[in-house]
Every structure is written in structure tokens, then in C-alpha cells.
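3D model of this:
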Amino acid sequence: MGPRLLIVDDEPDMLDFLDRVFRREYEVLRAQSVEEALSRFEEGLFDVIVTDRRMPRRSGLELLEIAAQKQPQAVRVLLTGYADSLVDEKVAQWRLVDAWVSKPIDAAALKQSIAAAIQKRSAGGK
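Below you'll find the model as predicted:
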């Protein structure tokens with residue numbers, strides 16, 4: 001099986017869409033909340049973590065902050081329907097995100113963003 005990818009979104013339709021986008025290239029695991037995603041961390045390491053920014057109870061940024069500690073090798077991708085609000089985030093949080101993609105999601109652009117983040121990581125950049 002290919003690299004392991006964790007997708008996290010509270011919307012089942014978005015999880016289904018992302019699963020279809022990636023299932024041929026990745027071993028895809030899904031979670032509908034930060035809590036469920038954290039329990040998935042117990043199943044092993046992920047190569048890529050893709051998470052929605054706004055979810056009930058805890059945000060995708062909170063998940064990526066934890067992932068940076070528990071899964072530091074994972075490329076971290078943030079999905080957001082609120083691109084303008086990203087500008088307001090604390091500068092320290094930007095180190096948590098390798099790529100971000102605005103909703104509505106363009107599958108080709110998302111794949112390209114992930115590939116670029118993986119390449120940057122492999123080259124030692126961050």
C-alpha cells in the first residue's frame with residue numbers, strides 16, 4: 001500500500017470526497033473530529049495529515065500542533081473555507097502548516113500542494 005494519509009473533517013461529504021481523491025495513491029484513514037484523529041495516531045505514523053480548520057470543539061490547528069509533536073514526520077495540510085482569517089493567526093502557528101488549501105477544494109490543486117510540501121520536506125526545507 002502507498003503512503004499513509006489521515007483526513008480529518010467533521011463533514012461526512014468532505015471525507016468521502018477526499019477519500020475518493022486519494023485512495024488510489026495513499027492508504028487513507030479518516031476521522032470526523034480532532035479526538036478521533038488523535039486516537040488514529042495510536043495506529044502508527046502518517047506521511048500526510050489533511051485537516052479542516054474549523055470543527056466543533058477543537059480546531060484543525062490544534063490537531064496540527066499536537067501532530068507536530070507526536071507525528072513530526074507528517075506533512076501537515078490545512079483546509080479552510082476562511083482563507084482571509086488565516087492572516088490573523090499567530091505567526092508561530094504557521095510552522096505547523098506545510099500547505100493550506102481553500103475550500104471549495106480543487107482536487108488537482110490539493111494534490112499539487114501536498115506533492116510540493118512533501119518535496120520541500122524531503123529537501124530539508126520548512
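
the lowest-mean-pLDDT helix or strand in the chain: what's the following helix or strand?
Lowest on mean pLDDT, DSSP states H and E among the helices and strands of the chain sits helix 91-94, with a mean of 48. Where DSSP states H and E defines the elements, the next helix or strand beyond helix 91-94 is strand 99-102.

what about dumping the CA coordinates of that following strand to CSV?
Written as CSV, here are the backbone C-alpha positions of strand 99-102 (Å, rounded to 0.1, in the frame of the first residue of the first chain):
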residue,chain,number,x,y,z
ALA,A,99,0.4,23.7,3.0
TRP,A,100,-3.1,25.2,3.1
VAL,A,101,-5.9,24.9,0.6
SER,A,102,-9.0,27.0,0.4
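
who does that strand pair with, and is each partner parallel or antiparallel?
Using DSSP bridges, strand 99-102 pairs in its sheet with strand 75-80 (parallel).

need the contact partners of the partner strand.
For strand 75-80, the surrounding residues in contact (Cβ atoms under 8 Å, 6 or more residues apart in numbering) are 9, 14, 47-54, 60-61, 64, 67-68, 86, 96-103, 105, 110, 113-114, 117-118, 121. Every residue, glycine included, has its C-beta placed from N, CA and C.

low pLDDT regions in this structure?
For the chain, the stretches flagged by pLDDT under 70 are 1, 82-94, 125-126.

between the helix or strand hosting L6 and strand 75-80, how big is the angle?
Applying DSSP H and E as the criterion places L6 in strand 4-8. With axes from the mean of the first three to the mean of the last three Cα atoms, to 10 degrees as the basis, strand 4-8 and strand 75-80 are set at 20 degrees to each other.
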